[in-house]
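Q: A predicted structure for the sequence below; I have some questions about it.
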Amino acid sequence: MKFDVARLREQFPILKETVYGKPLTYLDSAATSQKPQSVIDAISQFFLKENANVHRGVHYLSERATEGYENARHKVQQFLNAEHPDEIIFVRGTTEAINLVAQTYGRAFIGTGDEILITEMEHHSNIVPWQMLCEQVGAKLCVAPIDDSGELVLEALEALITSKTKIVSVTHVSNVLGTINPIQQIVEIAHTHGAVVLVDGAQAVPHLPVDVRALGCDFYAISGHKMYGPTGIGALYGKASLLEKMPPYQGGGDMILSVSFEKTIYNKAPNKFEAGTPNMAGAIGLAAAISFLATLPQDARAAEEKDLLAYGTRALLSVPCLRLIGTACSKISVLSFVLEGIHPHDIGTILDREGVAIRTGHHCAQPLMKRLQLPATARASLACYNIHSDIDRLVAGLYKVQEIFR
Ligand SMILES: Cc1ncc(COP(=O)(O)O)c(C=O)c1O
């Protein structure tokens, strides 16, 4: 099936907006993606016709809301190819998913002298929760290196995994470099040494089909807002055998079977990890985003992304004094770059006046910036609705930046 981008763009109302009188060129989807009409409609439909609290009521609306919420869990299960819907925990996003694992699995099963292994390309949300855990339990944080192209040095990672390594927590796709990590291989190595593996899938799910059983990972974290869904909702996949033995995350309603002042009996997963009223509208919106993704012809979409990435790479490299950051063989359509002598914030500000939205800064990856010996980069990140003319506008804007700074 052909990939009809023009028709696809029609589904994203915000793309018709203008910025400073110029058509919006949105190249910041790695920060958050835009939302198709179907997702917007699913959320407003929930509030217009179905809103009630879940799990607790016997009335019609509560049952509908519960059905919508639990159907969304099934949808995420199928999307990630988890074995059972109970392996899907709704959270606020990837950040909360990782904190949940650190504070439940980590507090229970990681102790003094144990090691946690991450990589140099991690987002702060896959660094700081582990540092907090290390402080709490006396464990040590180890970091696997990357090479200058932005690829993980797999042999070095392997050498860092020992019997002390209790968890390997690695991003599937780098938000700065676009690098796709070889998760299956990492899982195999980690499992050989008895370590569990958490995968930060925030940047992977908008671009790649993900099958947690094929990957073999123990935990997989995603954010709805990066995959055409709403903010404030995400999911943590966890293997049932692990979720079962993990203590709860937060205490409150819904995560219990019974409460008395003497003793509280906790619920089973996933409810054990979902204290309080959940983000029902968010879960329903996330399910709509998954349905939207399912309408895209996978092969044609992948080919289109590859083509656009190649076009964007060539176009950027034609700009004098521009250096691309992140040139791994296997990467998604994220284009980080620096322009000699011009601070990325200046690039971003001038491009903004041209209607071109990119992100500049450290991208919540300060240790990676240190590794790259850069204070910041400019980053254009693409999604399924981007077209060649978006790249052309970016490049035209960069020439303008250079004119101003010449
Ligand atoms: C690789 C990666 N991990 C984690 C996160 C955090 O996601 P969230 O802010 O949705 O929790 C991001 C967000 O940019 C990311 O790019």
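A: Nice, thanks for sending it over.
Q: For the stretch 1-150 of the chain, give me the ranges with low pLDDT.
A: For the stretch 1-150 of the chain, residues meeting the criterion pLDDT under 70 lie at 1.
Q: what residues does it put near the ligand?
A: 93-95, 123, 125-126 (Cβ under 6 Å from any ligand atom). Using the backbone N, CA and C atoms, a C-beta is placed for each residue, glycine as well.
Q: let's see it at 5 Å
A: Residues of the stretch 1-150 of the chain lying close to the ligand (Cβ under 5 Å from any ligand atom) are 93-95, 123, 125.
Q: Low-confidence stretches in the stretch 251-400 of the chain?
A: In the stretch 251-400 of the chain, no residues with pLDDT under 70.
Q: And for D299, the neighbour number?
A: Other residues near D299 number 10, with proximity taken as other Cβ atoms under 10 Å.
Q: what helix or strand does it sit in?
A: Under the criterion DSSP states H and E, the helix or strand holding D299 is helix 298-317.
Q: R371 now?
A: Per DSSP H and E: helix 366-372 holds R371.
Q: Mind checking which of the residues of the stretch 1-150 of the chain next to the ligand land in strands?
A: Of these, none are assigned to strands by DSSP state E.
Q: circling back: the helix or strand following the helix holding D299 packs against which elements?
A: Once the chain leaves helix 298-317, the next helix or strand it forms, by DSSP H and E, is strand 322-325. Strand 322-325 sits against helix 298-317, strand 334-339, with contacts defined as 3 or more Cβ pairs under 8 Å, 6 or more residues apart in numbering; DSSP states H and E.
Q: so which of these gets nearest Q184?
A: helix 298-317 (18.2 Å; Cβ to Cβ).
Q: Report the backbone C-alpha coordinates of that closest one in PDB.
A: Output of helix 298-317 as PDB, limited to C-alpha atoms (Å, rounded to 0.1, in the frame of the first residue of the first chain):
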ATOM      1  CA  GLN A 298       4.000  -0.400   8.000                       C
ATOM      2  CA  ASP A 299       6.400  -1.200   5.100                       C
ATOM      3  CA  ALA A 300       5.500   1.900   3.100                       C
ATOM      4  CA  ARG A 301       5.800   4.100   6.200                       C
ATOM      5  CA  ALA A 302       9.200   2.700   7.100                       C
ATOM      6  CA  ALA A 303      10.400   3.200   3.500                       C
ATOM      7  CA  GLU A 304       9.100   6.800   3.600                       C
ATOM      8  CA  GLU A 305      10.900   7.500   6.900                       C
ATOM      9  CA  LYS A 306      14.100   6.000   5.500                       C
ATOM     10  CA  ASP A 307      13.800   8.200   2.400                       C
ATOM     11  CA  LEU A 308      13.100  11.300   4.400                       C
ATOM     12  CA  LEU A 309      16.000  10.600   6.700                       C
ATOM     13  CA  ALA A 310      18.400  10.200   3.800                       C
ATOM     14  CA  TYR A 311      17.000  13.400   2.100                       C
ATOM     15  CA  GLY A 312      17.300  15.300   5.400                       C
ATOM     16  CA  THR A 313      20.900  14.000   6.000                       C
ATOM     17  CA  ARG A 314      22.000  15.000   2.500                       C
ATOM     18  CA  ALA A 315      20.300  18.400   2.700                       C
ATOM     19  CA  LEU A 316      21.800  19.200   6.100                       C
ATOM     20  CA  LEU A 317      25.300  18.100   5.000                       C
END
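Q: Now do it and strand 334-339, the angle between them.
A: With axes from the mean of the first three to the mean of the last three Cα atoms, to 10 degrees applied, the angle from helix 298-317 to strand 334-339 works out at 0 degrees.
Q: hey, where'd the strands end up in the stretch 201-350 of the chain?
A: 219-223, 234-238, 256-259, 264-266, 322-325, 334-339 (DSSP state E, counting those that start in this stretch).
Q: Out of the ones you listed, the one nearest the ligand is which?
A: Across the strands of the stretch 201-350 of the chain, the ligand has its closest neighbour in strand 219-223 (3.2 Å, Cβ to the nearest ligand atom).
Q: Now do that closest one against strand 234-238, angle only.
A: 170 degrees.
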